[in-house]
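*Asks:* Quick one, fold the following:
(4 chains)
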Number of protein chains: 2
Amino acid sequence: MDRCNATELLRLKNVKVTRSRIAILDEIIASDNPVNAIDLHNGLSGQLTVNLATVYRMLKLFVDVGILREAFADNGTQYFEMACVHNPAHAHFQCSKCKRIICLSPLTFEDTILFSEASKIGEINEINIKLKGICQKCRSTA
Amino acid sequence: MDRCNATELLRLKNVKVTRSRIAILDEIIASDNPVNAIDLHNGLSGQLTVNLATVYRMLKLFVDVGILREAFADNGTQYFEMACVHNPAHAHFQCSKCKRIICLSPLTFEDTILFSEASKIGEINEINIKLKGICQKCRSTA
DNA sequence: ATATAATTGCGAATAGTTTGCAAGTAATTC
DNA sequence: GAATTACTTGCAAACTATTCGCAATTATAT
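*Replies:* Modelled structure (predicted):
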């Protein structure tokens, strides 16, 4: 799977390139699933440490400049994912039992027909779809 | 628009019928938009007062027994709506500027084709779609 | 009417997130 | 390469939404 380069991406978006930002953004780029602030904060490997408040500030900044999108909220926690060309918009499935998140295939043009009504109401620039249920594993284990 | 009767609904779901529950449920039934705990707490008219913690407990209970569904989360706040026959599942549009929420038309059978992939992953029992953008009003005002 | 079990109010706790401010650091200019 | 400037960061405290324990209250079954 192709991934973005953190430094290039930051530079491209005209935000200052700092050690901390690269470290956090690298984590997000490397993750196959949406991430939250606390995981990112804990997930820092090795010597570098980034304050949790700073992580939150980064997440907000990254969303503002279009590096990230908010994937979904789970139980009052915000999850984010890359908003780059390598990660087109898609729905998420969450198992209510094991809480596991699965990213579904990118939304297709046909899918967006679903939103024709909404496009009459306004200009859509964010689509958020979350499906909840019981995954196969949990179903067979039950 | 047809609406449920709070007392009947509570009885039907086998949960105890109390003054407080009726008051809160009545508010939700009467609302044309998803509601949150604090609005419900503030929205109590007249003499009856229900503790905020109790409102949260009710919301959780009502979701558990299937009276309510979680409509969406906005900025860390949960919004709920009736899950009865009068209010079939539907997507929500939110204007990022004026924050107004608009309920879209009920999801159709065709819409659910979108979820065929997910149904291979597990049994879906909750669908959550939120669209964000700028509504016509805000666009013309800008 | 009484008994029983569930519900509620209250206060305090918790979790996630935001903010102010002083100190630190990246990028710019000389 | 050092000085300047504006942006970033750490820290501690504030804030918001939500949850919890416990004692007092209340709905239903007897």
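*Asks:* tell me the secondary structure for the spatially most central residue of chain A?
*Replies:* Most central in chain A under Cα atoms, centre = their mean is A:E81, positioned 1.5 Å from the mean C-alpha point. State at A:E81, reduced to three classes by DSSP: H, G, I helix; E, B strand; the rest coil: strand.
*Asks:* and it, what pLDDT?
*Replies:* We note a pLDDT of 98 for A:E81 in this prediction.
*Asks:* beta partners for it?
*Replies:* Beta-bridge pairing of A:E81, defined through DSSP bridges, involves A:R69.
*Asks:* Identify the residues contacting it.
*Replies:* In this structure, A:E81 makes contact with A:28, A:31, A:33-35, A:68-69, A:71, A:87, A:103, judged by Cβ atoms under 8 Å, 6 or more residues apart in numbering or on different chains. To be clear about C-beta, it is placed using only N, CA and C from the backbone, and glycine gets the same treatment.
*Asks:* again with A:L40
*Replies:* By Cβ under 8 Å, 6+ apart, A:L40 lies in contact with A:24, A:27-28, A:55, A:59.
*Asks:* just checking: which of the residues you listed also lie near DNA strand C?
*Replies:* Restricting the contacts of A:L40 to those touching DNA strand C (Cβ under 7 Å from any atom of the strand) yields A:L59.
*Asks:* hmm, which two among the contacts of A:L40 are most spread apart?
*Replies:* Of all pairs drawn from the contacts of A:L40, the one with the largest separation by Cβ to Cβ is A:E27 and A:L59; the distance is 11.4 Å.
*Asks:* quick one, strands of chain A?
*Replies:* In chain A, the segments counted as strands under DSSP state E are A:68-74, A:77-82, A:90-95, A:101-106, A:122-135.
*Asks:* Looking at the ones you listed, which is nearest to DNA strand D?
*Replies:* Shortest distance between DNA strand D and those, using Cβ to the nearest atom of the strand, is found for strand A:68-74: 9.7 Å.
*Asks:* Can you get me a residue count around A:L9?
*Replies:* By the measure other Cβ atoms under 10 Å in any protein chain shown, the count of residues near A:L9 is 21.
*Asks:* For the closest residue to it other than its chain neighbours, grab the count of nearby residues.
*Replies:* Computed as Cβ to Cβ, 6 or more residues apart in numbering or on different chains, the closest residue to A:L9 that is not its neighbour in sequence is A:I67, at 6.1 Å. The criterion is other Cβ under 10 Å. On that basis, A:I67 has 25 neighbouring residues.
*Asks:* Assess the claim that A:I67 and A:M82 are in contact.
*Replies:* Yes. Taking Cβ atoms under 8 Å as the definition, A:I67 is a contact partner of A:M82 at 7.3 Å.
*Asks:* okay, the strands of chain A in TSV with distance to B:K16 next?
*Replies:* Written out in TSV, the entries for those read as follows (distance: least, Cβ to Cβ, whole Å):
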stretch	distance to B:K16
strand A:68-74	30
strand A:77-82	32
strand A:90-95	31
strand A:101-106	36
strand A:122-135	28
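*Asks:* which one of those strands lies closest to B:C135?
*Replies:* Of all the strands of chain A, it is strand A:122-135 that lies closest to B:C135, at 3.9 Å by Cβ to Cβ.
*Asks:* That closest one pairs with which strands, and in what direction?
*Replies:* The strands beside strand A:122-135 in its sheet (DSSP bridges) come out as strand A:90-95 (parallel), strand B:122-135 (antiparallel).
*Asks:* check whether the longest one contacts DNA strand D.
*Replies:* No. Applying Cβ under 7 Å from any atom of the strand, one finds strand B:122-135 out of contact with DNA strand D, separated by at least 14.6 Å.
*Asks:* closest to B:L10 out of the strands of chain A?
*Replies:* The closest approach between B:L10 and any of those, judged by Cβ to Cβ, belongs to strand A:122-135 at 24.7 Å.
*Asks:* Could you chop chain A up by domain?
*Replies:* For chain A, automatic domain parsing gives the domain ranges A:1-87, A:88-142.
*Asks:* Which of those domains has the lowest mean pLDDT?
*Replies:* For these, the stretch scoring lowest in mean pLDDT is domain A:88-142; its value is a mean of 90.
*Asks:* and chain A, which residues reach chain B?
*Replies:* Applying Cβ under 8 Å from any Cβ of the partner chain, we find that chain A lies next to chain B at A:73, A:76, A:78, A:91, A:93, A:95-96, A:102, A:104-105, A:111, A:114-115, A:117-118, A:121-136, A:138-139.
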